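In: Here you go, sequence then predicted model.
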2 protein chains.
Amino acid sequence: MSQIPHWVRSLKPSGPQGSELLASERNSSKIDVAQLSKVLFTKEVLERKRKILAILQSEKIFDRSQDCFNGRIDKFEVALGRAKRLAQIFQEQNWDDVDRRFANDLISEPLPYALHESMYLVTLRNQTTPEQQEKYLKPAESYANIGCYAQTELGHGSNVRGLETTAVWNPEDKTFTLHSPHLTSAKWWIGTLGRTANHAAVMAQLIIGGKPYGPHPFIVQIRDLKTHELLPNIYAGDIGPKFGYNTMDNGFLLFNHVKIPHIAMLARYSSVDLKTNQYVRPASPTLVYGTLTWVRSTIVMQSGSVLARGVTIATRYAAVRRQFQDRDAPPHVRGENPVINYTMVQIRLLPLLATCFALHFTGKGMMQLYEANQKKMSQSRTPDQAKRHSGPEETVPGSDLLADLHATSCGLKSLSSHTAAEGLEVCRRACGGHGYSSFAGIGQWYADYLPTATWEGDNYMLTQQVARYMLKSARSVLRGVEPTNDTTNILTYYHKRADVGAAFDIIGRDEDLVAAFAWRSAYLTFEALRHRDEQKKSWNSLLVAFYRLSRAHSQYIVVKNFYETLQHQQQTAELDPETQGVLYKLFRLYALHTLESEASEFFTSAACTVRQIQLARTTAVMKLLEEVRPHAIRLVDSWDFPDYQLDSSLGRFDGNVYEDMFYRAAELNPLNRITVDPYPHNATIFKSNEANQVKGKL
Amino acid sequence: MSQIPHWVRSLKPSGPQGSELLASERNSSKIDVAQLSKVLFTKEVLERKRKILAILQSEKIFDRSQDCFNGRIDKFEVALGRAKRLAQIFQEQNWDDVDRRFANDLISEPLPYALHESMYLVTLRNQTTPEQQEKYLKPAESYANIGCYAQTELGHGSNVRGLETTAVWNPEDKTFTLHSPHLTSAKWWIGTLGRTANHAAVMAQLIIGGKPYGPHPFIVQIRDLKTHELLPNIYAGDIGPKFGYNTMDNGFLLFNHVKIPHIAMLARYSSVDLKTNQYVRPASPTLVYGTLTWVRSTIVMQSGSVLARGVTIATRYAAVRRQFQDRDAPPHVRGENPVINYTMVQIRLLPLLATCFALHFTGKGMMQLYEANQKKMSQSRTPDQAKRHSGPEETVPGSDLLADLHATSCGLKSLSSHTAAEGLEVCRRACGGHGYSSFAGIGQWYADYLPTATWEGDNYMLTQQVARYMLKSARSVLRGVEPTNDTTNILTYYHKRADVGAAFDIIGRDEDLVAAFAWRSAYLTFEALRHRDEQKKSWNSLLVAFYRLSRAHSQYIVVKNFYETLQHQQQTAELDPETQGVLYKLFRLYALHTLESEASEFFTSAACTVRQIQLARTTAVMKLLEEVRPHAIRLVDSWDFPDYQLDSSLGRFDGNVYEDMFYRAAELNPLNRITVDPYPHNATIFKSNEANQVKGKL
């Protein structure tokens, strides 16, 4: 393709320019963006992010402008290069875990070292003896060993107890034999394993004297440290392209009777006694719940930010994109209307904008609760043990507060990751046709985020945990036990009012709005309990009801957290009254929009009047859209995404949407460097060997 | 990567094999798959498909096994090669349009000739004078000219009247000057334009003597017929990668005062008089609605099949994939449960399976209605005129039946393409983690289908058409006009019963179930009318209500069509009683599941009792899931997708899911032919130059 001609370079978008439109949006609201950003993230975090951004932007390898043109192999090559360079920078700059997470957030693609730097190292830090730390942790920290965490198998995901890989104890030579008895026992989906790792932490069924003791972690070398070729009787590789996550080498791994030494079994909690050949049991089986709760709380908080990226892009573009004249506009108002003025666009974007804040505050609230709880608890506990498993076999731990937090985190993880993923796709579509372009910056982000719905507990499986906990709590209420936490509180209130009913004023009073969500959650709990305990319905026949219950209860927690943040948190109290007022509107928008989307359950639970539900739909939500709309751009600005991170033509801070779209298509797009022979009777596709040159350069 | 070791090759999946599980599923139902396929597609169509499949499978270029590994340039190269070969086969085999569509359906990727073979040729066939046919159509039919249809612009999608490209008539030399005055006037998203086309049909604002006459089509050559380089003052190229559709070269196009002759303006309907320099108006401005109605009806019918692909894959895999034991199963029942037995999986897949049939029968019904109507109408009409535009500027044509069909087709296009896209993503997720793999075969299909929500009328814009039509119909009912079609029928019934109310027995009587949907549609119509006509609310403030109304009315049409197909169609009457019975259950499942998903509107419209809505949710739908479940595999088999078309490890007819996943990952995946240097201190990524060899080979 020839250079861009001069007459093209001189063209500008028609009508008011994007920069003018965004400037006028920013002038229409007095929200203090800097102050609100500080409330969301703290000043310290914002400053650290700026510093890290500057470092990344100064190095060519972190330039993302060619990423979307690359095929799988090129994507992986670039990503591994970035991972290597980042690992060096970590050392040079002496970055801590928080800095590293910021860097990864800014780069916004899964890097091939990710599972080494997270799960492999965490496992080694938490589950090793001092001797094992010397042997495994040290070389891993220096990247001499690069590891992965190999748990799920081709035939087994959520059901960890069903794993097929075996580790048989050989008392005669004090070794274990790792073996993959079936094709379905191939480790599968393991990040960093496909091409990068030379070690693996493998979860395998421990078998001693023919008796199974359940899954345990073993460290095994899989590739030669020099040639990086597979070791004998080990077969591993990349599992192939995926809907997203293609910068990562998710891998598979099979063992053919591979002997590993006694030290390979991570032995901080359980082990095989060398002398007696007996299994040594862990002291406390419930240690893991703290970590799981923590990890899920971070997913909840991140989900707000994940979604906010899409909302930022779509909202800014909606202020720049103009389409049709307003039908009812007076004749002297000329020109096309920015689509953000259409209620059909507002109803898609503004409740999602409110959702970002709701999820962020909820995650933050949970993490504070968790930390407060940890402080109270005994120092002898090791809550960050990293044995990861999930699914129906998880049982609820003892402490009432921790139990509540654990159940809550399950339901919220499910709701929030689902909401963020769905919401991103809504944002992409709200951008019209251009949302489909890679330059929009939403599609890839959505595709890369999707696995969050599956890992750290499948979003559907988790809802069973919540339901089990709610049923258990309801049974204690029926037995007359005094309430000990928020869940038993709301269930007790509902139970006491069973013969009185409710009359929450959802539109007039914010507290009643929260209470209506609590009422619906309690209603669904006692309905499910009746089906299970009185009608003796099978667990399987109630899974759909449990899913709905979990969703309802989690929405209640979000509504409550959002409200309490505004009511009681010191940080939000420091905001100016106008900004505070807008945040209250966002709270009401989130709550009322959720209520009318789930109206059916509010109808049947009779939490409020039919008329108010109707009014929520036809009047209250529509009015809130109108009130929030002038602040939309400043509100998304407060999420503080640099253009580097958004990597989006449509979501640029300066509004130069069309210039950027055009520049990327015409100047960056390598396909335009190739001339084809278009005629069917000529079998040749490309006019010259320029194609191979272009491909070679990529 | 070394060859697959012998010990790996001998591994099999654990437990019952996929083939055994699917065989047992097929034994559990007596549905006559062959007969049901014939009802869906006709015997003739099934036979033609088989013949075409055999031809495609005999040629290496149509082998799809490497497709998912290819980067953008390779994807495009392969696709253009396939397009060329197909064009040759069309001629060799003398295929008609139906055969061609089958071939494209089987190949299942957008090919670079697509817009030439559809819109460009259709435009030339329908809008040309005999002289223009000679000059433009003939070389296009022989592929000497390869064209595209250039309508949308960087700054304008749905609003065709707002297009910025101008075609100014020059009376002095009897030419037009095509010009792109702004960057936003760049033609954008134009299929086949980016690299392939040498001609374009360009929609531009006709200007004569300074006066605008609206958008008209002009034919212009854009690339040299030999060198394929761009002609002077024309700038065009590929718009870059997208969320899907990457085998297609969607392009951009700009003009710098390009002169084209008088003959370039397609003049069958309107033209510029050479002598008087005056605009000649088209005879009838409403000619286009027939085509639009037809095109949208085909989208409705296809949406059933589009969704059925995902449902087929997810349902078969759900019968092979096993996870956890049933909690309530007696202890002697060993082994893990196929996930299709879990109600949480059933509630996601089986209503979608019912939806496939519902949409298919609805599209078919509409096409029959359209054809019947066309027959009645005067032969002088040219209904297949291809001037494509949509959006609020479409007005409703005269004939009552055609008007109804037109409005219905708008709403159904919106509902059905939305439902199919959403449903595919539900299917992908229902496959658990493996749904994320490209080998699942759903993600790419979903991504490629998404543009359907935007083209042929944006799914949101279209709902305004439906609302406008419903309001107009309701006004005529209020004026006392006798009903003339189904829409005015249901509105009249509702209006007459306004003081009586309704009491439809939605669970006991199928007719009442259909009537409840009609009631809700009428309720929302009169509610919207009150807001607009009595309360004088602005059009913009009612867009959300209009969207809901359109959705509600379209769901009514689908429910009604499904029911009537079972009641009145000769074809379904030929089915054996058991299969007919299952189809009735699918009808009820679709209708009741939709009803409970949209329960809020059924509550407020008071179409039925609160108790029945509750029972639909807790009992009726759950019971239908149980009844349909044994037939699930045979029902998806009846959609008759060959494995070649599904291109899915998870959806294989023979159930050999894990073997195929493993084969593709280990043997086909080119990334596994590359060895990396994994250490951060070594900047080199690949161990040798094998990477370039692999990339060169791709």
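Out: Yep, it's here.

In: The stretch 301-450 of chain A against chain B: which residues are in contact?
Out: By CB under 8 Å from any CB of the partner chain, the residues of the stretch 301-450 of chain A that approach chain B are A:321-324, A:326-328, A:336, A:341-344, A:347, A:391-392, A:425, A:428-429, A:432-433, A:436-439, A:443, A:450. C-beta coordinates here come from the backbone N, C-alpha and C atoms, glycine included.

In: Next step: those residues restricted to helices.
Out: Using DSSP state H, the members of these that fall in helices are A:343-344, A:347, A:425, A:428-429, A:443.

In: Which pLDDT does the model give residue A:570?
Out: pLDDT, the model's per-residue confidence, is 79 for residue A:570.

In: where does the closest residue to residue A:269 other than its chain neighbours land in three-state SS?
Out: Sequence neighbours aside, residue A:282 is the residue nearest to residue A:269 in space, at 3.8 Å (criterion: CB to CB, 6 or more residues apart in numbering or on different chains). When the structure is reduced to helix, strand and coil (DSSP: H, G, I helix; E, B strand; the rest coil), residue A:282 reads as coil.

In: OK, now which residue of chain A is nearest to chain B?
Out: Nearest residue of chain A to chain B: residue A:71, at 2.1 Å (CB to the nearest CB).

In: May I see the ChimeraX selection of the buried members of the residues of the stretch 301-450 of chain A next to chain B?
Out: Selecting only the buried entries of these in ChimeraX, with 16 or more other CB atoms under 10 Å in any protein chain shown as the criterion:
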select /A:321,322,323,324,336,341,342,343,344,347,391,392,425,428,429,432,433,436,437,438,439,443,450
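
In: Quick check: mean pLDDT of stretch A:275-288?
Out: Here the mean pLDDT over stretch A:275-288 is 77, rounded to a whole number.

In: ok, of the ones in helices among the residues of the stretch 301-450 of chain A next to chain B, which one's closest to residue A:226?
Out: Minimum distance to residue A:226 across those is 40.4 Å, recorded for residue A:443 (CB to CB).

In: For the closest one, list the residues it contacts.
Out: Neighbour list for residue A:443: A:428, A:435-436, B:242-243 [criterion: CB atoms under 8 Å, 6 or more residues apart in numbering or on different chains].

In: Please convert these to TSV, extending it with pLDDT and distance to residue A:115.
Out: Output for the contacts of residue A:443, formatted as TSV (pLDDT from 0 to 100; distance: CB to CB, whole Å):
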residue	pLDDT	distance to residue A:115
A:428	96	28
A:435	95	31
A:436	96	31
B:242	96	30
B:243	95	27
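
In: which of the residues you listed sit farthest apart?
Out: The most widely separated members of the contacts of residue A:443, counting by CB to CB, are A:428 and B:242 (11.3 Å).

In: Show me whatever sits in contact with both of the two.
Out: With CB under 8 Å, 6+ apart applied, the overlap between the contact sets of residue A:428 and residue B:242 consists of A:436, A:443.

In: Chain A - how does it break down into domains?
Out: For chain A, the TED database gives the domain ranges A:128-283, A:289-378+A:399-638.

In: With distance to residue A:648 as extra columns, can I get those in JSON lines?
Out: Formatted as JSON lines, the entries for these read as follows, by distance: least, CB to CB, whole Å:
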{"stretch": "domain A:128-283", "distance to residue A:648": "16"}
{"stretch": "domain A:289-378+A:399-638", "distance to residue A:648": "3"}
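
In: Strands along the stretch 101-250 of chain A, start to end?
Out: For the stretch 101-250 of chain A, the strands defined by DSSP state E, counting those that start in this stretch occupy A:149-150, A:166-170, A:175-179, A:187-190, A:199-208, A:211-221, A:234-238.

In: most neighbours per residue, which of these?
Out: Compared across these, strand A:149-150 shows the largest average neighbour count, a mean of 30 (mean count of other CB atoms under 10 Å in any protein chain shown).

In: helices or strands next to that one in the packing?
Out: strand A:187-190, strand A:199-208 (3 or more CB pairs under 8 Å, 6 or more residues apart in numbering or on different chains; DSSP states H and E).
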